[in-house]
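1. give me the fold of what follows.
(chains A and B)
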Amino acid sequence: EPEVTQTPSHQVTQMGQEVILRCVPISNHLYFYWYRQILGQKVEFLVSFYNNEISEKSEIFDDQFSVERPDGSNFTLKIRSTKLEDSAMYFCASRGTNSNQPQHFGDGTRLSIL
Amino acid sequence: QKEVEQNSGPLSVPEGAIASLNCTYSDRGSQSFFWYRQYSGKSPELIMFIYSNGDKEDGRFTAQLNKASQYVSLLIRDSQPSDSATYLCAVRGGNNRKLIWGLGTSLAVNP
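-> Numbering: from 1, shown residues only, chains lettered A, B, ... in the order given. The predicted structure is shown next:
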């Protein structure tokens, strides 16, 4: 069964450094998402992406964050200058064209900011 | 502020019993409703989704939706210890593509 893959599984970064989290969505999916989950808290929406542009973003997704689809398969989340509070699990998800279809999640990247 | 509420639990049931998980949502325009299972330190895994009023069954799982009451539930029949996890309710609004998530209900199935 096709799946969403994320790399790396764990990223440790010094505060203030840039980090790029990578995702390969399911190949025939057109809608892509990033979520984060701070330990013990809710899953929080960050951004959705369709047709090579951001379709929606949350208040969390400020100027420090950016997303890109650099080629036909990868979907990346960049955090420009990381803060301690960026430490969380980051999940990538994708779905097909029908708006009622579910989103399928990758295994996540655990980001630890020191 | 659109909200999704779940009882955080823990909900403890004996093996073989029916586990009932509940979720309420505030946005009347919500269109699609999803139940995900999340093991500790893992990503959410889709269990079921529903978008019409009534029941939807898939194996041991039944999702129930009542849009008038803004209520969605998940029943797990013949609960197994491997069902022990946190169950997340997620709701997609009418004009929004994003999912709004509940905090999740922790389920413990005791052998």
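2. just the strands in the chain please.
-> Because you didn't say which chain, this covers chain A. Using DSSP state E, the strands of chain A run over A:5-7, A:10-13, A:19-24, A:31-37, A:43-50, A:53-57, A:65-68, A:75-79, A:88-95, A:104-105, A:109-113.
3. I was after chain B.
-> Counting by DSSP E, the strands of chain B are B:4-5, B:11-14, B:19-25, B:32-38, B:45-50, B:54-58, B:61-66, B:71-76, B:85-92, B:99-101, B:105-110.
4. residue closest to the middle of chain A?
-> Nearest to the mean C-alpha position of chain A, by CA atoms, centre = their mean, lies A:Trp34 at 3.1 Å.
5. grab the nearest non-local neighbour of it.
-> A:Leu46 (4.3 Å; CB to CB, 6 or more residues apart in numbering or on different chains). C-beta coordinates here come from the backbone N, C-alpha and C atoms, glycine included.
6. returning to what we had before: can you lay out the strands of chain A as CSV showing mean pLDDT?
-> Shown next, in CSV, are the strands of chain A (pLDDT from 0 to 100):
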stretch, mean pLDDT
strand A:5-7, 96
strand A:10-13, 96
strand A:19-24, 97
strand A:31-37, 95
strand A:43-50, 93
strand A:53-57, 92
strand A:65-68, 96
strand A:75-79, 97
strand A:88-95, 96
strand A:104-105, 94
strand A:109-113, 97
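7. B:Pro81: which of those strands is closest?
-> strand A:104-105 (23.5 Å; CB to CB).
8. does any part of that closest one sit near chain B?
-> Yes. Applying CB under 8 Å from any CB of the partner chain, one finds strand A:104-105 touching chain B at A:104-105.
9. which residues touch the closest residue to A:Ile38 other than its chain neighbours?
-> Computed as CB to CB, 6+ apart, the closest residue to A:Ile38 that is not its neighbour in sequence is A:Ala88, at 4.5 Å. Applying CB atoms under 8 Å, 6 or more residues apart in numbering or on different chains, we find A:Ala88 in contact with A:36-39, A:111.
10. tell me the buried residues in stretch A:31-48?
-> Neighbour-count burial for stretch A:31-48 flags A:31-37, A:42-48 (criterion: 16 or more other CB atoms under 10 Å in any protein chain shown).
11. and the end-to-end length of that stretch?
-> Taking CA to CA, to the nearest Å as the measure, stretch A:31-48 stretches 7 Å from start to finish.
12. and B:Gly102, how many residues sit next to it?
-> For B:Gly102, the count of nearby residues is 26 (other CB atoms under 10 Å in any protein chain shown).
13. list the beta-bridge partners for the residue nearest to the centre of chain A.
-> Under DSSP bridges, the beta-bridge partners of A:Trp34 are A:Val47, A:Cys92.
14. how close does it get to chain B?
-> Using CB to the nearest CB, to the nearest Å, A:Trp34 is found at 11 Å from chain B.
15. mind listing what the lowest-mean-pLDDT helix or strand in chain B pairs with, with the direction of each?
-> The weakest-scoring helix or strand in chain B, judged by mean pLDDT, DSSP states H and E, is strand B:99-101 (a mean of 90). As defined by DSSP bridges, the strand partners of strand B:99-101 come to strand B:85-92 (antiparallel).
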